[in-house]
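In: The sequence and its predicted three-dimensional model are supplied below.
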Amino acid sequence: MEDIELIVAIVAGFFSLLGGFFGAFLTRRTEYEKWLRQQRSIAFAGFISHLNQFRKVAVDILYDTGLDQEDKDMAISECFYELNSQELLVRLYLTGRSRERFSELKSEIWSAYSPAVNQTTRLATLRNATSEIQAIFERALHG
């Protein structure tokens, strides 16, 4: 009878330890996923903020009558350069396929702000690219 009680105690202790380790593992995994989602949100929000800032400055450059087309191209490229660092940060949180598409869309936005592109085409490109970028971000955040 003592042997059975000893075995029951050992088995109960073993399963208690196993449950504790399993619970700690699940808690750690859940906290990691929460942290990752927060970091993604921060990176994505930063990119969107920088993109809106770029658009605002680029429009001012495009309608500046004191600059010729070459100077406008150069000024827009310099302005767009700041968005590149945000792109690199965002790419860290995306998967392979969406990472490449995201970079393509960012390049489409840049080329849409060439002074040679008319406003209708620019706005259509911007609308399509930003909505697709938004969809990429949503998939990354919500799985």
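Out: Cool, the structure landed.

In: Give the residue spans of this structure that score low on pLDDT.
Out: Within the chain, the stretches with pLDDT under 70 are 1, 24, 26.

In: can we see that at 80?
Out: Low-confidence segments of the chain, defined by pLDDT under 80: 1-3, 5-6, 8-9, 11-29, 143.

In: Show the contacting residues for residue 37.
Out: Residues near residue 37 by CB atoms under 8 Å, 6 or more residues apart in numbering: residue 141. (C-beta placed from N, C-alpha, C; glycine too.)

In: Helix or strand: which one has it?
Out: Under the criterion of DSSP states H and E, residue 37 resides in helix 2-62.

In: Can you name the element that comes right after that helix?
Out: From helix 2-62, the next helix or strand downstream (DSSP H and E) is helix 69-91.

In: hang on, the earlier thing: and the angle for the helix holding residue 37 with helix 69-91?
Out: Here helix 2-62 points in a direction 170 degrees away from that of helix 69-91 (axes from the mean of the first three to the mean of the last three CA atoms, to 10 degrees).

In: Export stretch 97-108 to CSV, keeping only CA atoms.
Out: Extracted in CSV, the C-alpha atoms of stretch 97-108 (Å, rounded to 0.1, in the frame of the first residue of the first chain):
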residue,chain,number,x,y,z
ARG,A,97,6.8,37.6,-50.2
SER,A,98,5.1,40.6,-48.5
ARG,A,99,8.6,42.1,-47.8
GLU,A,100,9.4,42.2,-51.5
ARG,A,101,5.9,43.5,-52.5
PHE,A,102,6.1,46.2,-49.8
SER,A,103,9.4,47.5,-51.3
GLU,A,104,8.0,47.5,-54.8
LEU,A,105,5.0,49.5,-53.6
LYS,A,106,7.3,52.0,-51.9
SER,A,107,9.2,52.4,-55.1
GLU,A,108,6.0,52.9,-57.1
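
In: Contacts for that stretch, please.
Out: 83, 87, 90-91, 94, 125, 129, 132-133, 136, 139-140.

In: what's the answer for stretch 53-61, then?
Out: Taking CB under 8 Å, 6+ apart as the rule, stretch 53-61 contacts 67, 72, 75-76, 79-80, 82-83, 113, 126.

In: Now with 10 Å, please.
Out: Stretch 53-61 is contacted by residues 67, 71-83, 86, 109-110, 112-115, 119, 122, 126, 130 when judged by CB atoms under 10 Å, 6 or more residues apart in numbering.
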